[in-house]
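1. Let's see this in three dimensions:
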Amino acid sequence: MSVFYRKAMDALYLLCVIIAGVSLVLISAVIPWAVYTRYVINRAASWPEPMAVLLTIVLTFFGAAACYRLGSHMNVTLRVDKLPPGWRRVSDLIVELLMAAMALFMLVKGTGLVEATWSNSIADFPFLSVGVTYLPIPIGGLILLMFVIEHVTIGRPIDTSGDAHKPAAFD
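-> Presented below is the predicted three-dimensional model:
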C-alpha cells in the first residue's frame, strides 16, 4: 500500500511542479508583453497584469505544495537541529500536525471562498468566474494534506538532487 501511495504522491508532485512551472513561464511571457504594448506600441493592454496576478495565485499554491513535499521551502532549523533525536522527532510531528491544520484550513475556507464567489466575474475576464480563480487554494490545501499524510505515514521522499539545507563542503 505504501508503495502505491508513494507513486501516487510522486505523480501528484510532478503535476504540481508542471503546473507551477507553466504558470511561471506564462508570467514571464505576459509581463514583457505588457511592457511592450505600453512603452513600444503606446497602447497598453488591460489583461496582462490581472492575468499575471491570477497565474501567481496558481504558482503560489501548487509550487508551495511541491516545495513542502521535498522540504525545499524556506525554514529555520537552528534550534531544532540541536535537539536530541527523540525531541527532534516530537518537533517534526508537531510541525506535520500544524501543517495538516493549515492544509485543512485552506481546504475548508478555500472551498467556502470558491462557493461564495462562484457567480461573480472578473472585470478584465468576464467569461471567468472569480470562484475559478480561487480554486488553487482548496486544491493546494488538499494536495498539501496528502503530502502531510505521506510524511507522517511513510516518511519524506528521498531527494536525489541533494540536500538544499546542507552547508557546502570546502576542501
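
2. So G131 is in contact with E115, correct?
-> Yes - counting by C-beta atoms under 8 Å, G131 does reach E115; the two are 6.9 Å apart. Bear in mind the C-beta positions are built from the backbone N, C-alpha and C, glycine included.

3. which one of those two has more residues nearby?
-> Neighbour count, other C-beta atoms under 10 Å: between G131 and E115, G131 has more, with 17 against 12.

4. Can you read off the pLDDT for that one?
-> As predicted, G131 sits at a pLDDT of 94.

5. Might you report the residue contacts of it?
-> Neighbour list for G131: L113, V114, E115, A116, T117, W118, S119, N120 [criterion: C-beta atoms under 8 Å, 6 or more residues apart in numbering].

6. And whichever helix or strand the third one is part of, what does it pack against?
-> Per DSSP states H and E: E115 is located in helix 85-117. Applying 3 or more C-beta pairs under 8 Å, 6 or more residues apart in numbering; DSSP states H and E, one finds that helix 85-117 makes contact with helix 78-81, helix 130-133, helix 136-154.

7. can you list contacts of the first one?
-> Helix 78-81 has contacts (C-beta under 8 Å, 6+ apart) with R88, S91.

8. how about the CA coordinates for that helix, as PDB?
-> Only the C-alpha atoms of helix 78-81 are listed here, as PDB (Å, rounded to 0.1, in the frame of the first residue of the first chain):
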ATOM      1  CA  LEU A  78      18.900  26.200  14.100                       C
ATOM      2  CA  ARG A  79      17.200  25.200  17.400                       C
ATOM      3  CA  VAL A  80      15.600  22.100  16.100                       C
ATOM      4  CA  ASP A  81      18.900  20.800  14.700                       C
END
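
9. Appreciated, that's everything.
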